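# Turn this into a model:
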Amino acid sequence: MQQSRFDVSKAPIPPLRAEPRFSAQTDGASHIQGVPASPGGLIRSTLLAGASALAILVLFWLPAEYGVDPTGVGGVLGLTEMGDIKAQLAGEAAAQDAAAATQAGVAPDPVPASGDVAVRLDRIEAKLAQIAAVIGADPQGAEAAPAPDPVAETAPPAETASEPAWRDELVFTLAPTEAKEVKLVMAAGDVASFEWVAEGGGVNYSQHGDDGGTQEVRFEDGRASPGQDGTMTAPFAGKYGWFWRNRGDAVVKVTLRVGGDYAQMIEVE
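Residues are numbered from 1 along each chain as shown. Presented below is the predicted three-dimensional model:
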């Protein structure tokens with residue numbers, strides 16, 4: 001029997017290569033790790049959300065809606081003045097409605113006295129201070145103010161070659177603290193042009209409308225204004241116009257001119 005030239009049993013054993021072997025389970029565990037939830041993390045997240053909401057409430061909402069500005073940021077951003085105008089005009093409109101209801105023989109809704117309003121605002125500020133002390137929030141941490149509530153805009157006056165034709169003109173005077181309201185009776189879609197000028201000082205005003213029932217709209221509010229002009233479009237049938245109040249120390253003369261589409265102009269007593 002002829003011996004084989006190559007004897008496999010005597011062949012040298014090749015060296016083993018030390019190469020890393022990857023396990024899908026080991027490799028995945030080294031790259032994907034869970035984040036354990038802890039009670040402390042949940043509490044911190046809750047406190048952070050509460051602090052953010054409190055900062056927005058104190059810095060922006062209270063100054064813009066009620067004129068309450070415990071931090072002074074609302075005054076810098078002009079929100080406190082807007083809140084003061086809203087509160088003042090709301091109080092004046094409520095007083096005017098109460099007077100009209102009394103003359104009509106209807107019992108008016110009670111209007112809170114200015115002292116009561118001041119007491120309520122003091123209580124609100126005290127509560128906010130207590131909440132801020134508990135949470136430890138810094139109101140200065142807020143970055144941006146929320147957009148204000150949208151209001152209907154008065155359309156600019158149409159550019160024409162000649163002055164608009166006025167149908168009615170009303171001239172009246174307002175003594176200090178005296179008020180006046182004038183309305184136009186309009187159908188839905190009517191467009192009325194107007195201008196009014198205050199001589200002797202600026203006046204506070206609110207341009208609005210309602211249908212005498214459930215619908216109402218506010219076009220524009222102003223404070224210590226010398227006048228206003230433009231056009232006014234009625235979104236629904238009702239009465240549209242202005243409420244003026246003289247908050248100055250001198251008598252102011254107001255001249256109102258109106259034209260366009262409306263049934264009649266009335267002075268609200």
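
# hey, C-alpha coordinates of stretch 175-194 in CSV?
Only the C-alpha atoms of stretch 175-194 are listed here, as CSV (Å, rounded to 0.1, in the frame of the first residue of the first chain):
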residue,chain,number,x,y,z
ALA,A,175,-67.5,118.5,30.6
PRO,A,176,-64.9,116.6,32.7
THR,A,177,-66.1,113.0,33.5
GLU,A,178,-69.2,113.6,31.2
ALA,A,179,-70.1,110.9,28.6
LYS,A,180,-72.0,110.7,25.3
GLU,A,181,-73.2,107.8,23.1
VAL,A,182,-74.3,108.0,19.5
LYS,A,183,-75.5,105.0,17.4
LEU,A,184,-76.3,104.4,13.7
VAL,A,185,-79.2,102.1,12.8
MET,A,186,-77.7,99.8,10.1
ALA,A,187,-78.7,96.7,8.2
ALA,A,188,-76.3,93.7,7.6
GLY,A,189,-73.7,94.7,5.0
ASP,A,190,-74.2,98.4,5.3
VAL,A,191,-71.1,100.6,5.1
ALA,A,192,-71.0,104.0,6.8
SER,A,193,-68.2,106.5,6.6
PHE,A,194,-67.4,108.7,9.5
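
# Quick one: mean pLDDT over it.
The pLDDT scores in stretch 175-194 average 96.

# Check which residues of it are buried.
Using 16 or more other CB atoms under 10 Å as the test for burial, stretch 175-194 gives Ala179, Lys180, Glu181, Val182, Lys183, Leu184, Val185, Met186, Asp190, Ala192, Ser193, Phe194. All C-beta atoms are positioned from the backbone trio N, CA, C, and that covers glycine.

# Please apply the same query to stretch 258-269.
Buried residues in stretch 258-269, counting neighbours by 16+ other CB under 10 Å, are found at Val258, Gly259, Gly260, Asp261, Tyr262, Met265.

# Between all of the buried residues of stretch 175-194, which two are at the greatest distance?
Maximum pairwise distance among the buried residues of stretch 175-194 (CB to CB): 25.8 Å, between Ala179 and Asp190.

# and the longest helix along the chain, what does it pack onto?
What stands out as the longest helix in the chain, according to DSSP state H, is helix 79-103. Packing partners of helix 79-103 (3 or more CB pairs under 8 Å, 6 or more residues apart in numbering; DSSP states H and E): helix 62-66, helix 73-77, strand 179-186, strand 203-210, strand 216-225, strand 238-245.

# shaky segments in the stretch 151-269 of the chain?
Across the stretch 151-269 of the chain, the ranges flagged by pLDDT under 70 are 151-164.

# Give me the neighbour count for Gln215.
Number of residues near Gln215 (other CB atoms under 10 Å) recorded here: 12.

# follow-up on the earlier one: would a markdown table of the helices and strands packed on helix 79-103 with distance to Met232 be doable?
Shown next, in a markdown table, are those (distance: least, CB to CB, whole Å):
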| stretch | distance to Met232 |
| --- | --- |
| helix 62-66 | 25 |
| helix 73-77 | 30 |
| strand 179-186 | 8 |
| strand 203-210 | 7 |
| strand 216-225 | 6 |
| strand 238-245 | 6 |
